[in-house]
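Undergrad: Predicted model and sequence follow; I will ask about them next.
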Amino acid sequence: MTLVRATGVILSKELRTEFRSRELLVTTAVFVLIVVVLFSFTFNPTSSESRRFGPGLLWLAFLFAGSLMLQSSFLREQTNDTLAALRLAPIDPFSILAGKMAANFLFLLLVEVILLPVFAVLYNVAILPVLTPLLLVLTLGTIGLAATGTVFSAVAAQARLRELLLPLLLLPVLAPVLIASTEATIGILRDPPELSLVWLTFLACFDVVFLTAAWMVGEYLLEE
Amino acid sequence: MRWSAVAPSNCCAIWSRAEPSRVSTSLASSPNGGPSGIPAGGLHIQFHEVEKRYGMRLALRGVTLSIAAGECVALVGHNGSGKTTLLKVAAQLTRPSRGKIAFQAGENSLSLEEVKSRVGMVGHHTLVYEELTAEENLIFFAKLFGLEDPAEKARQALQPVGLSGRATDLVRTFSRGMRQRLSIARALLASPGLLLLDEAGTGLDPEGQQWLGATIKRLRDSGCTILMSTHGRNETQGAVTRAIRLDGGKITHDSGAGGNPREILVMAAVRESGEEGAQ
């Protein structure tokens, strides 16, 4: 079975199980909404302050969402040792990671799309005129978040203190994504808007490097 | 330390610690058909000086063992004797710390992916998703194994395990025995040439045990190689053609390919009932 086909089969299983329960999506969306609302209460920002500090707060909220959501990516495979069942299948081990990465990417993107209008209202930021470049930054940043988070979720799932380990491993590694995504978003929300190719290239490079590394070591990450 | 499908001497895929990178070789010849051109029938499996270490603990100590195609081998021994580890190594779920394993199907050279497509396993856990229905589980695994018409394969697999009537029910609503039957259906889905059973009778009622025993006999008679860990007396032991006792990760007794496995099985059952009595 080809890598793409196996990835597709695993992705559809992930989507089916999540959309059946919606536990993870609902919990994460509510958590992130609470974070953004609390931030707005704390700062009560003006429009110009929002343009400066809002993107950082937004991406921090996404980061928290990621560390919450990605935790269960491999933990749920431990219930009946279904990871072993996946590893018994004649597929490239990377397809297991890739299927989960794709699912996590879609879940995170969905939460972000839900959050954006709330952010725009609470922080008095006009996002509609800059929606296309903003979605581009969101996509690149979320690929980095999902790819890194899925890999570290696989590592943390086999360790003791796994609930604590994932944020400890993930947050420092995601610092470059946080910086690049925040800077790119600040540029987009600036007046006049400016899409920084430097930060976009940085994000794209991070994604490519991390996906390549995951492809190379994926087989070992999933071993007992 | 990677997957390998190198054939150093003749015709086998090897799972070992010190082999070069992931290679996928196609069959040199595939005269008999079967999934992806692999001949039907059992796999011949050879363990050579296999050692498995978990930290400081040695779970397997230099196990050398050859199991011919079509043999039904029972592994007996205390808890922690290495039965599960040996099965996991055979399933390529865990890599040996030292030594190697070779698989053969007739005279054909197989890549490790092809070996995987011929291995079915029933483990301590059920290896099925609770959030999916019985049918969805089997369709999912049929797709991963690249089987044609996964829905039909799933339907066919559910029938003999008596779950056709519950096909569209979520697995989380199943009893332990029903989950185990689904797990067995999953393992048999791709018509395995090597079936690995780790106390597969766990959770089954007497009727289920009887069905499992009959299924194992039928598979053995069709040429499937079976390696199973077992405790005490149960219905599955009727099909056994060879028994091996493991103790501290080493083989201490082996009835051999043509030998009588009863003595070892009876000895294991007596020891176990003695231990239960003492408790």
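TA: Done, it's in. Numbering: from 1, shown residues only, chains lettered A, B, ... in the order given.

Undergrad: Contacts only, for the residue lying closest to B:Val119 once chain neighbours are set aside.
TA: Nearest residue to B:Val119 in three dimensions, chain neighbours excluded: B:Leu194, at 4.9 Å (CB to CB, 6 or more residues apart in numbering or on different chains). All C-beta atoms are positioned from the backbone trio N, CA, C, and that covers glycine. Applying CB atoms under 8 Å, 6 or more residues apart in numbering or on different chains, we find B:Leu194 in contact with B:42-43, B:45, B:90, B:103, B:115, B:118-120, B:224-227.

Undergrad: Can you pull the residues of the stretch 1-150 of chain B lying near chain A?
TA: B:2-3, B:22, B:88, B:91-95, B:113-114, B:116-117, B:119, B:121, B:123-132, B:136, B:140-141, B:143-146 (CB under 8 Å from any CB of the partner chain).

Undergrad: Around chain B, which positions in chain A sit nearby?
TA: So chain A meets chain B at A:1, A:6, A:9-10, A:13, A:16-17, A:20-21, A:79-82, A:84-91, A:219, A:223-224 (CB under 8 Å from any CB).

Undergrad: Give me the buried subset of the residues you listed.
TA: A:1, A:6, A:9-10, A:13, A:17, A:80-82, A:84-91, A:219 (16 or more other CB atoms under 10 Å in any protein chain shown).

Undergrad: Okay, and which of the residues of chain A next to chain B map to helices?
TA: The helices, defined by DSSP state H, take in A:6, A:9-10, A:13, A:16-17, A:20-21, A:82, A:84-88, A:219 from these.

Undergrad: out of these, which one sits closest to A:Pro176?
TA: Taking CB to CB as the measure, A:Pro176 sits nearest to A:Glu219 out of those, at 25.5 Å.

Undergrad: From B:Gln92, how far off is the closest one?
TA: 11 Å (CB to CB, to the nearest Å).

Undergrad: Just the strands from the chain, written as ranges.
TA: If you meant another chain, say so; for now it's chain A. With DSSP state E, there are no strands along chain A.

Undergrad: um, chain B though
TA: B:13-16, B:44-54, B:57-67, B:72-76, B:98-104, B:119-122, B:194-198, B:225-229, B:242-247, B:250-254.

Undergrad: Show the contacting residues for the closest residue to A:Ala157 other than its chain neighbours.
TA: Nearest in space to A:Ala157, with sequence neighbours left out and distances taken as CB to CB, 6+ apart, is A:Phe74 at 3.7 Å. Going by CB under 8 Å, 6+ apart, A:Phe74 touches A:83, A:100, A:150, A:153-154, A:156-157.

Undergrad: Kindly indicate the member of these with the most neighbours.
TA: Using other CB atoms under 10 Å in any protein chain shown as the neighbour criterion, A:Ser153 leads the contacts of A:Phe74 with 29 neighbours.

Undergrad: ok, now which ones touch it?
TA: Here A:Ser153 is in contact with A:70-75, A:100, A:166 (CB under 8 Å, 6+ apart).

Undergrad: And for A:Asn104?
TA: Per CB under 8 Å, 6+ apart, neighbours of A:Asn104: A:69-70, A:73, A:146, A:149-150.

Undergrad: Please convert those to JSON lines, extending it with pLDDT.
TA: Compiled in JSON lines, these are given as follows (pLDDT from 0 to 100):
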{"residue": "A:Met69", "pLDDT": "90"}
{"residue": "A:Leu70", "pLDDT": "91"}
{"residue": "A:Ser73", "pLDDT": "89"}
{"residue": "A:Ala146", "pLDDT": "96"}
{"residue": "A:Gly149", "pLDDT": "94"}
{"residue": "A:Thr150", "pLDDT": "94"}
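
Undergrad: Can I have the buried ones of those as a PyMOL selection?
TA: To isolate the buried members of the contacts of A:Asn104 in PyMOL, using 16+ other CB under 10 Å:
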select buried, chain A and resi 69+70+73+146+149+150
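
Undergrad: Kind regards, and thank you for your time.
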